[in-house]
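Undergrad: Predicted coordinates and the sequence they were generated for:
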Amino acid sequence: AQSVTQLGSHVSVSEGALVLLRCNYSSSVPPYLFWYVQYPNQGLQLLLKYTSAATLVKGINGFEAEFKKSETSFHLTKPSAHMSDAAEYFCAGNQGGKLIFGQGTELSVKP
Amino acid sequence: DTGVSQDPRHKITKRGQNVTFRCDPISEHNRLYWYRQTLGQGPEFLTYFQNEAQLEKSRLLSDRFSAERPKGSFSTLEIQRTEQGDSAMYLCASSPLSQQNTEAFFGQGTRLTVV
């Protein structure tokens, strides 16, 4: 069975600083991994997904994530944070045809 | 296509009442999922359908919860005899294929408050 763990329920960065949100997975088979973003009172929007075609995945809004099998990680990064990036971010993996989510990381961006 | 649509967006109900939520998936998506999300938590899987067949139900889905997807199009989630612990955001999602690398597309959710 697959599970995902997000380290840090809250991350705060200054505008223009690097964003790093951590996600680790546990799986006995090659995983399919996803990052979603959720703004207040909204549904989830896909940022990017890993499907084994490439270990560095680029997504929307300048985000990217790198799949590292040796570390069982799929961390999300963005070189320069914008105020509009403030939201909740969820890492998810596919288990038996359905998505299983981490507990989420709330990103705050300070001016 | 306007995406996954959920109705209502908000529902306030008294404890003990029954509520029903509707989800309209993206056209021709054969998979439809229901999730529950409480404050500060990730979405928790409840159940999913492939066309009209309900393929899996979580242990979270007590006997007070029932979901249907007649004709493989829209879906309804009913909660009977609501309890305060049922207060949450209920999210619906759909996906076009049953491949594991396919993402799910989410609606904006129905926020349920049980008073």
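TA: Structure received.
Undergrad: Against B:Asp7, how distant is the nearest residue to A:Asn41 once chain neighbours are set aside?
TA: Nearest non-adjacent residue to A:Asn41, counting by CB to CB, 6 or more residues apart in numbering or on different chains: B:Arg111, 7.2 Å away. The C-beta positions use only the backbone N, C-alpha and C, and glycine is treated the same way. Separation of B:Arg111 from B:Asp7 (CB to CB, to the nearest Å): 12 Å.
Undergrad: Quick check: the gap between the residue nearest to the spatial centre of chain A and B:Trp34.
TA: Compute the mean C-alpha point of chain A, and by CA atoms, centre = their mean the closest residue is A:Trp35, 3.9 Å away. According to CB to CB, A:Trp35 stands 21 Å off from B:Trp34.
Undergrad: again with B:His10
TA: 17 Å.
Undergrad: okay, these two: which has more neighbours?
TA: Per other CB atoms under 10 Å in any protein chain shown, whichever of B:His10 and B:Trp34 has more neighbours is B:Trp34, with 26 against 11.
Undergrad: Pull out the buried residues from stretch A:57-68.
TA: A:57, A:59, A:63-65, A:67 (16 or more other CB atoms under 10 Å in any protein chain shown).
Undergrad: Closest one of these to B:Gly72?
TA: Using CB to CB, A:Gly59 comes nearest to B:Gly72 of those, at 30.9 Å.
Undergrad: Pull the contacting residues for the residue nearest to A:Asn41.
TA: The contact partners of B:Arg111, taken as CB atoms under 8 Å, 6 or more residues apart in numbering or on different chains, are A:41, B:9-11, B:88-90.
Undergrad: Thanks a lot, see you next time.
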